[in-house]
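Colleague: here you go, sequence then predicted model.
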Amino acid sequence: MNSKFSSKNKRAWLHFPRWVWPLILLLTVMSVWVRLGVVKSTYDVSQADRTIRNLQQEKEQIELRVAGLKSPRRLESIARARFDLSQPRPDQVIYLGAGSQEK
C-alpha cells in the first residue's frame, strides 16, 4: 500500500506544468544571491565600523601627543636647554595693548 501512495506522489509531481520547475530554480537562485548580498553588505559594514574605531583611536593618540608637545613645561625646558633662555627681567618685558604707547 505504501508503494502505491509513493508512486501517486511521484506522478503528481511529474504533472506540474513545465514552467513551474524553471520558476522554482529561478527563485532558489535569486534567494541565494540575495542572501549572499546581505552577508557581503554585513561584512562591509562591520569592516567600516572597525576602520572607524581604529581611526578614532589614532586621532585620540595624535591629540594626546600634540597636547604633550604643546605643554608649557616642555616648551620651557627646551627653551632653557637648547637656546639657553631664561625668564625675562621686568625691564625686558614690553606690554602691548590698546592704551599703551611706545616710548
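Modeller: In hand now; what should we look at? These numbers come from a predicted model, not from an experiment.

Colleague: most residues in a single helix of the chain, which one?
Modeller: Assignment by DSSP state H gives helix 20-69 as the longest helix of the chain.

Colleague: just checking, next helix/strand downstream of that helix?
Modeller: helix 72-83 (DSSP states H and E).

Colleague: now do that following helix against helix 20-69, angle only.
Modeller: 60 degrees (axes from the mean of the first three to the mean of the last three C-alpha atoms, to 10 degrees).

Colleague: list the contacts of helix 72-83.
Modeller: G68, L85, S86 (C-beta atoms under 8 Å, 6 or more residues apart in numbering). No exception for glycine: its C-beta is placed from N, CA and C like everyone else's.

Colleague: repeat for stretch 59-71
Modeller: By C-beta under 8 Å, 6+ apart, stretch 59-71 touches R74.

Colleague: could you pull out the buried residues of that stretch?
Modeller: For stretch 59-71, the neighbour count (16 or more other C-beta atoms under 10 Å) marks no residue as buried.

Colleague: return the distance of the longest helix of the chain from the chain's centre.
Modeller: Put simply, helix 20-69 sits 9 Å off its chain's centre (C-alpha atoms, centre = their mean, to the nearest Å).

Colleague: try stretch 18-33
Modeller: That offset, for stretch 18-33, works out to 37 Å (C-alpha atoms, centre = their mean).

Colleague: find the centremost residue of the protein, please.
Modeller: Taking C-alpha atoms, centre = their mean, the centroid of the chain lies closest to I52, which sits 2.3 Å from it.

Colleague: report the separation between it and E60.
Modeller: Distance from I52 to E60, counting by C-beta to C-beta, to the nearest Å: 13 Å.

Colleague: A79 too?
Modeller: Using C-beta to C-beta, which is the criterion applied here, A79 is 28 Å from E60.

Colleague: cool, and T42?
Modeller: 27 Å.
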